[in-house]
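*Asks:* what follows is a predicted protein model with its sequence.
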Amino acid sequence: MLNGQVDPQFRADVQKGLRGPRRAISARWLYDRRGSELFDEITRLPEYYPTRVETELLAKIGTELQEHIGTSGAVVEFGAGSVTKTPLLLRAVRPTAFVPIDISGDYLRAEAASLSGEFPDLLVSPVEADFTGAVALPAAIADMPKLGFFSGSTIGNFVPRSAVNLLRNMRQTLGEGAMLLIAFDRVKPLDLLIPAYDDAAGVTAAFNLNLLERINRELDGTIDISSFAHKAIWNDRESRIEMHLRAGRDMEFSAAGEDFAIKAGESIHTENSHKYDLRSARILLSAGGWTAKAEWSSDDDGFSLILAEAMPVYDAP
């Protein structure tokens with residue numbers, strides 16, 4: 001909710017997404033306060049390798065990263081970051097200001113308060129906004145050099161078309177000449193991929209099912225949540241993990257003043273996690289207006305961080 005009111009875009013996306021025949025709701029709506037808390041718990045699970053690997057990589061490249069971008073200026077993080085990863089970046093580049101952007105306001109403010117306590121000399125200015133669009137940054141950082149930070153391989157949550165639009169919006173938010181540090185996850189064996197999105201403790205299942213709880217709570221839904229199950233599958237053609245909420249029986253329910261029906265075995269598609277190799281990651285960045293300047297990979301080459309710059313755009317060679 002925004003200031004206690006139902007987000008009209010949430011209502012519209014749920015209504016459209018449940019009408020079918022291909023039922024799907026944007027992953028952005030997984031991240032209310034409870035969803036953000038559950039995802040933070042997911043990042044500490046033994047099966048969920050991205051946070052662990054990215055944290056190790058950030059710790060390893062800190063000095064080299066500083067050599068590329070220098071110090072001072074502002075770090076702008078797209079999406080509320082981990083209390084483990086973000087401090088590593090802030091210690092490495094020692095910015096003057098830090099601007100975390102996230103749609104979940106309560107969670108965002110709690111994270112910002114935690115970082116303010118850890119970095120008392122840092123100007124921390126949280127912005128509650130949908131970072132998938134262009135965002136108005138605080139006036140205090142207008143003239144500062146900017147480094148965007150998009151961690152957790154979250155770019156993989158977007159289909160390629162939307163990922164390109166997101167990168168273009170990030171460029172518009174940060175401005176030409178800005179830098180962007182962005183994480184990409186790579187294809188790996190299914191015995192590593194599937195458990196990362198369907199853990200033994202059921203935390204990812206709770207995270208996914210929380211979307212239905214949010215619909216019931218905020219949109220007066222009547223969904224029988226106990227009749228849905230979390231499912232994670234690998235879609236090889238699209239090179240992505242998909243998360244679904246699968247119906248265990250035929251059901252009728254209402255939400256946002258509209259009636260819906262779903263049959264046993266049908267599902268609501270809630271999230272993607274695309275996996276990229278270095279070449280496809282560079283192409284994606286280029287399509288979004290960014291030029292890769294430096295790349296770092298984990299020891300097993302299963303995860304990468306790319307530093308890109310918003311270079312001038314030319315229509316011809």
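*Replies:* That came in fine, so what should we check first?
*Asks:* quickly find the element holding the spatially closest residue to Arg33 that is not a sequence neighbour.
*Replies:* Spatially, and ignoring its direct neighbours in sequence, Arg33 is nearest to Asp106 (4.6 Å; C-beta to C-beta, 6 or more residues apart in numbering). In this view, the C-beta of every residue, glycine as well, is placed from N, C-alpha and C. Using DSSP states H and E, Asp106 sits within helix 105-118.
*Asks:* and the helix or strand just after that helix, what does it pack onto?
*Replies:* Counting by DSSP H and E, the next helix or strand C-terminal to helix 105-118 is strand 123-124. Counting contacts by 3 or more C-beta pairs under 8 Å, 6 or more residues apart in numbering; DSSP states H and E, strand 123-124 packs against strand 97-102, helix 105-118.
*Asks:* now strand 123-124: how far from the chain's centre is it?
*Replies:* Averaging C-alpha positions (C-alpha atoms, centre = their mean, to the nearest Å) puts strand 123-124 22 Å from its chain's average.
*Asks:* could you do stretch 72-86 as well?
*Replies:* How far stretch 72-86 lies from its chain's middle: 13 Å, per C-alpha atoms, centre = their mean.
*Asks:* buried residues of it, list them for me.
*Replies:* 73-82, 84-86 (16 or more other C-beta atoms under 10 Å).
*Asks:* closest to Arg246 among those?
*Replies:* Nearest to Arg246 among the buried residues of stretch 72-86: Gly79, at 27.1 Å, using C-beta to C-beta.
*Asks:* just the pLDDT for Arg186.
*Replies:* As predicted, Arg186 sits at a pLDDT of 94.
*Asks:* that older thread, packing partners of the helix holding Asp106?
*Replies:* For helix 105-118, the packing partners by 3+ C-beta pairs under 8 Å, 6+ apart come out as helix 33-42, helix 85-93, strand 97-102, strand 123-124, strand 127-128.
*Asks:* out of those, which is closest to Val187?
*Replies:* Nearest to Val187, of all those, is helix 33-42, at 20.5 Å by C-beta to C-beta.
*Asks:* which residues touch the closest one?
*Replies:* The contact list for helix 33-42 (C-beta atoms under 8 Å, 6 or more residues apart in numbering) reads 30-31, 48, 80, 82, 102, 104, 106-107, 199, 203-204, 206-207, 210-211, 213-214.
*Asks:* list the buried residues for it?
*Replies:* Quick answer for helix 33-42 (16+ other C-beta under 10 Å): 34-42.
*Asks:* mind saving the C-alpha coords of the following helix or strand past that helix as CSV?
*Replies:* Next in sequence after helix 33-42, counting helices and strands by DSSP H and E, comes helix 49-69. Extracted in CSV, the C-alpha atoms of helix 49-69 (Å, rounded to 0.1, in the frame of the first residue of the first chain):
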residue,chain,number,x,y,z
TYR,A,49,23.6,-19.0,-3.8
PRO,A,50,23.2,-15.6,-5.6
THR,A,51,23.6,-13.4,-2.4
ARG,A,52,26.4,-15.5,-1.0
VAL,A,53,28.4,-15.5,-4.3
GLU,A,54,27.8,-11.8,-5.0
THR,A,55,28.8,-10.8,-1.4
GLU,A,56,32.1,-12.8,-1.9
LEU,A,57,32.7,-11.1,-5.2
LEU,A,58,32.0,-7.6,-3.9
ALA,A,59,34.4,-8.2,-1.1
LYS,A,60,37.0,-9.4,-3.5
ILE,A,61,36.8,-6.6,-6.1
GLY,A,62,36.5,-3.6,-3.7
THR,A,63,39.9,-2.1,-4.3
GLU,A,64,39.7,-2.6,-8.1
LEU,A,65,36.2,-1.2,-8.3
GLN,A,66,37.4,2.0,-6.5
GLU,A,67,40.2,2.4,-9.0
HIS,A,68,37.6,2.3,-11.8
ILE,A,69,35.1,4.8,-10.4
